[in-house]
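Student: structure of the sequence below:
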Amino acid sequence: MKEMFNKKMEPACAYCTYGNRSMDGKTILCLKKGAVSLDYSCRKFKYDPLKREPKRLLVLPDSEDENFEL
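Tutor: Next up is the predicted model:
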């Protein structure tokens, strides 16, 4: 959760209030600038935390209790 509201993150239209992802998922349809790339950002950038996709957690393989005994 801490990473989601990081003040030092790079702005990008992929999680901007004014941008919506296109049907192909390769471009952003911005209300201010038109069609732009995912990592593009402009001066009108306004962060929308609901559009941010969190990183997936790494799934660890099942381990046996024998590996953790001394």
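Student: since we're on L38, how many residues are nearby?
Tutor: 15 (other Cβ atoms under 10 Å). From N, CA and C alone the C-beta is placed, and that goes for glycine too.
Student: do the one 5 residues further on as well
Tutor: Here the count is done by other Cβ under 10 Å, and R43 has 6 residues near it.
Student: make residue 1 into 23 and carry on from there
Tutor: Shifting the count to begin at 23 puts that one at R65.
Student: so where's the protein shaky on pLDDT?
Tutor: Residues of the chain meeting the criterion pLDDT under 70: 23-29, 85, 87-90.
Student: how much space separates Y62 from K30?
Tutor: Going from Y62 to K30 by Cβ to Cβ, to the nearest Å gives 19 Å.
Student: the two - which one has more neighbours?
Tutor: Ranked by neighbour count (other Cβ under 10 Å), Y62 and K30 place Y62 first, with 18 against 4.
Student: list the contacts of the residue nearest to that one when sequence neighbours are not counted.
Tutor: Excluding its sequence neighbours, the residue lying closest to Y62 (Cβ to Cβ, 6 or more residues apart in numbering) is C35, at 5.1 Å. By Cβ atoms under 8 Å, 6 or more residues apart in numbering, C35 lies in contact with 41, 50, 52, 55, 58-64, 67.
Student: out of those, which is most surrounded?
Tutor: G41 (27 neighbours).
Student: residues in contact with that one?
Tutor: 35, 50-53, 58, 73.
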